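> please find the sequence and the predicted model below.
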Amino acid sequence: MRIAVCGLTGSGKSTLGEELSRSLNIPHISYTFKDLAKEKGISLMEFQKLAEKDLSIDKEFDLMVAKECKRKKDFIISTWLGGWYDQLFGIKFDLKVWVNIPDKINAERVSKRDGISLKEASSHIQTRNEENHMRYKSLYGINIYNQKGFDLFLDSGTNNPKQLVELVKKYLKLK
């Protein structure tokens, strides 16, 4: 089983990927720009700025993650572009999930998670989404605001992670 879990900043894609991995006993691939920034000892936003100036950062990152996917028969990937890895790298998926979240709930979660004000959280979310949109459009011609090709759309604002897992499992049974 190969599942891609995608969504914008703070949508809950990583949390859903982790929970699905545990529930379905399938390896979870979840290497992120946050991880790279931490390794370099800089903030996520500083790393984003580096990636804007040096597009090879995204390409190397995506190739690394795609190679990890190709090494595994079954996996769950939760990353920004995972749902487009079929187009980019020929990786086939059994299910592509898009996780939505209302703006207000998202800002509240990011504010709490990152210890910043609601205004800062909202600005951070908008900035990350737009910066990623522009980079992915420039690099790959992908519009992350167009989720055509995804199979299942979930709302993490009205469903907790366990409920989201159950919705995915229910969908898989019907498929």
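Looks like it came in fine. Numbering: from 1, shown residues only.
> which residues touch residue 75?
Contacts for residue 75 were tallied using C-beta atoms under 8 Å, 6 or more residues apart in numbering; they are 2-3, 26-29, 68-69. The C-beta positions use only the backbone N, C-alpha and C, and glycine is treated the same way.
> mind redoing it with 6 Å?
Remark: with contacts taken as C-beta atoms under 6 Å, 6 or more residues apart in numbering, residue 75 is in contact with 2, 27, 29.
> any of these buried? List them.
Neighbour-count burial (16 or more other C-beta atoms under 10 Å) applied to these gives 2, 27, 29.
> CSV for those residues, including distance to residue 39?
Putting the buried ones among the contacts of residue 75 into CSV (distance: C-beta to C-beta, whole Å) gives the following:
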residue, distance to residue 39
2, 27
27, 21
29, 17
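> closest to residue 16 out of the residues you listed?
Using C-beta to C-beta, residue 29 comes nearest to residue 16 of the buried ones among the contacts of residue 75, at 13.4 Å.
> hmm, back to that, any chance of the contacts of residue 75 in CSV, plus secondary structure and distance to residue 81?
Compiled in CSV, the contacts of residue 75 are given as follows (DSSP: H, G, I helix; E, B strand; the rest coil; distance: C-beta to C-beta, whole Å):
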residue, secondary structure, distance to residue 81
2, strand, 15
27, coil, 19
29, strand, 12
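> out of those, which one has the lowest pLDDT?
Across these, the member with the lowest pLDDT is residue 29, scoring 94.
> please name the nearest non-neighbouring residue to that one.
Nearest-residue entry for residue 29: residue 77, 4.5 Å, with adjacent residues in sequence omitted and distances by C-beta to C-beta, 6 or more residues apart in numbering.
> neighbours of that neighbour, how many?
For residue 77, the tally of surrounding residues (other C-beta atoms under 10 Å) stands at 28.
> my read: it touches residue 30, true?
No: Residue 77 is not in contact with residue 30 according to C-beta atoms under 6 Å; the separation is 7.3 Å.
> from residue 165, how far out is residue 86?
For residue 86, the distance to residue 165 equals 23 Å [C-beta to C-beta, to the nearest Å].
> please read the previous query as pertaining to residue 131.
Distance, residue 131 to residue 165, using C-beta to C-beta: 30 Å.
> again with residue 155
When residue 155 is compared with residue 165 (using C-beta to C-beta), they lie 14 Å apart.
> what do you get for residue 49?
For residue 49, the distance to residue 165 under the criterion C-beta to C-beta works out to 35 Å.
> more neighbours: these two, which one.
Under the neighbour definition other C-beta under 10 Å, residue 49 and residue 165 were set side by side, and residue 165 has more, 21 against 13.
> can you spell out which helices and strands pack onto the top helix by length along the chain?
The helix of greatest length in the chain, counted in residues with DSSP state H as the criterion, is given as helix 118-140. Under the contact criterion of 3 or more C-beta pairs under 6 Å, 6 or more residues apart in numbering; DSSP states H and E, helix 118-140 touches helix 103-114.
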